[in-house]
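K.L.:
this one's structure only:
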């Protein structure tokens, strides 16, 4: 029975298009093909003020999504790398054995993240096109992993890079740093951010802390600790902006495969499993074509200014239908931005963009909502780190 | 950075065929399409005696593969279900939150296993076509999961089914059993096999205990404990036979993607990661076309007779080349058989058959071996539960 641990899975292009391609899709596909990621606010997103002033609605929904911090989950491994850009890849998993198991989960994770071209090339471009942010600066890399961001920073002339990592991958990062001749510039510090010490304040904090649905299993709290403990008063955090966005999707076929599957399994009633499946969000790639509403900005974070308490919130949302269709699920995703660049840069993990290893987070509705173009669905989105998800639908 | 836990990944058809289809492949594809699995000894496998008498060789290799028992890994989740038979599926992962997390990993695992049609329909056919094995019998289901095998047994008229499961999925199984009206027949026992008690000996033990590479994270030890503690002297174990098989493959392209990738990552030398990646087996689907040697039976197990100590072994193997090609890796897989059926049944997880969620286990070689049709590679395969993998190549 014991299936292997899926440490990573393949390119995240959505293979099932259950509708023919049309004009709107053409645009979406073009967007997906972009290789250079310039940041712009989420398309069609209302301002936070507008989102807060909800009025028209056809259906009232309350969706409460929980997210958790903590590090245990961070070692569980594998999502899907988007690095190969639609090229079919063999599904694979590395099997770690006893002593190396701990390492190994990490190798899979880091392979996946490095092969996520949206993620890694955006960071690379941010660094290489903005040398002024790094030249002769003191940098801290929070959760450095294999050390790729530290290497980017060192290559742009950073005077010193403190690369902090609490997992065993730190030992690998140290070898990599030495192998690339940056042992003098980059100091790998294996330990928890809350417990380590460095001898100077830093000019720049770089980090790739984002988790699914932005907050889920994310390192945001750690980045804020680093900011408060080690950043100079006028220091920068890269990226400095993040937004959480929602959209409604038509998803009949896949909901049937993932949720309704449990109604009848080899002739038996497995509906007690269905209730559990419905209560949990699904991390998955959604095709842009499935979006039947405008995007709605739910939450905007300024990493340099926000407080720890802001990671728990309840925010209203309003999803305005763009066509007559059914809504089977709400999808949450995030965008991040580097606004200190010469020209603002960033990337989106939304369904209208090239898939990343974060994919999107799908919250299925128990019932299907019928919606007409121009109508809107309103509700609230709650994010409570480390708590159980109550998912109430009115 | 935190990628989601990949609880399962999609249909395991190999999308990359880096050679044109040819005659031999036609045969393999036909085999893959089979939906009814009748058992036959691994194709072209020499007898264990023949395998032990190794003589001719072009290259001597020593491959030591470790496997581990234990239950911790069994909850780590997801491989790839083969249930959808080549139909493209969206990659997805369910995200569990705190309290339900434990459950949730299980849901993903059980969804994957149930959707593995090779696995589940073979069991279903074994039960439904062999009512004489179950009618009025007392059955024990070792590691019952959601209880599907217990339901199959009850449906065939079992007088009593003791369904043992130590994880929290036992609670779900109990609900499922009740929902299907088998509460009187099936008793879900939540606990460890070593610690539970039942009031009678059983006629039949059913279990789906197999792990990757047969032994990896498998429940075989638990099945043997159940056999010794609870099975009547003339009782049956289903399945009762299992074989571990090896084959050599050409895998240049994928080895480059998975192993050589680390030579140079965004312009930096990551070769210290490469050494780790090379040392660990990869669980993956291999296309039949990639096989460049005959299969070699490495180990044959008779579950009803074997001792616990037989799960640790070192066995010789001899891989005879079927064409002039390169060997980049050795692949291990297993077959299982139910020989007590009216007509022996079973399934293979080999590359020449329809992929299952077990996929195959790939051991990459540091160097490539050049081999000519008729030549053979010999070596030894070591399986040591709960020990680190020494992987020595001469």
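P.N.:
Looks like it arrived, so ask away. The shown structure was predicted, so the numbers you read here are calculated from the model rather than taken from an experiment.
K.L.:
CA atoms for contacts and neighbours, from now on please.
P.N.:
OK.
K.L.:
what ranges does chain A have for its helices?
P.N.:
For chain A, the helices defined by DSSP state H cover A:23-33, A:48-52, A:98-115, A:117-128, A:148-155, A:169-179, A:220-230, A:252-258, A:271-279.
K.L.:
can you tell me the average pLDDT over the longest one?
P.N.:
Spelled out, that is helix A:98-115. In this model, helix A:98-115 carries a mean pLDDT of 66.
K.L.:
returning to what we had before: out of the helices of chain A, which one sits most buried?
P.N.:
Of those, the one with the most neighbours on average (mean count of other CA atoms under 10 Å in any protein chain shown) is helix A:148-155, at a mean of 25.
K.L.:
packing partners for that helix?
P.N.:
Here helix A:148-155 touches helix A:117-128, strand A:138-142, strand A:160-165, strand A:186-190, going by 3 or more CA pairs under 8 Å, 6 or more residues apart in numbering or on different chains; DSSP states H and E.
K.L.:
repeat that for 7 Å
P.N.:
Using 3 or more CA pairs under 7 Å, 6 or more residues apart in numbering or on different chains; DSSP states H and E, the elements in contact with helix A:148-155 are helix A:117-128.
K.L.:
check whether the helix it packs on comes near chain B.
P.N.:
No - applying CA under 7 Å from any CA of the partner chain, one finds helix A:117-128 out of contact with chain B, separated by at least 8.5 Å.
K.L.:
what packs against that helix?
P.N.:
Using 3+ CA pairs under 7 Å, 6+ apart: helix A:117-128 touches helix A:148-155.
K.L.:
the residue nearest to residue A:291 when sequence neighbours are not counted: how many residues sit nearby?
P.N.:
Take residue A:291 and drop its neighbours on the chain: the residue closest to it by CA to CA, 6 or more residues apart in numbering or on different chains is residue A:249, 4.4 Å away. By the criterion of other CA atoms under 10 Å in any protein chain shown, residue A:249 has 26 neighbours.
K.L.:
now do the contacts for residue A:249.
P.N.:
Going by CA atoms under 7 Å, 6 or more residues apart in numbering or on different chains, residue A:249 touches A:290-292, A:327-331.
K.L.:
swap in 10 Å and give it another go.
P.N.:
Residue A:249 makes contacts with A:286-293, A:321, A:325-331, A:351, A:362-364, as judged by CA atoms under 10 Å, 6 or more residues apart in numbering or on different chains.
K.L.:
list the beta-bridge partners for it.
P.N.:
Counting by DSSP bridges, residue A:249 forms beta bridges with residue A:291, residue A:329.
K.L.:
now do the same contact list for residue A:332.
P.N.:
If you count contacts by CA under 10 Å, 6+ apart, residue A:332 has them with A:65, A:212-214, A:244-248, A:281, A:283, A:295-298, A:349-351, A:359-363, A:381.
K.L.:
and these, which of them are buried?
P.N.:
Listed as buried from those are A:65, A:212-214, A:244-248, A:281, A:283, A:295-298, A:349-351, A:359-363, A:381; burial here means 16 or more other CA atoms under 10 Å in any protein chain shown.
K.L.:
inside strands: which ones of those?
P.N.:
Of those, the ones assigned to strands by DSSP state E are A:244-248, A:283, A:296-298, A:360-363, A:381.
K.L.:
nearest to chain B, of those?
P.N.:
Of all those, residue A:283 has the smallest distance to chain B: 4.9 Å, by CA to the nearest CA.
K.L.:
look up how far residue B:353 lies from that closest one.
P.N.:
Separation of residue A:283 from residue B:353 (CA to CA, to the nearest Å): 30 Å.
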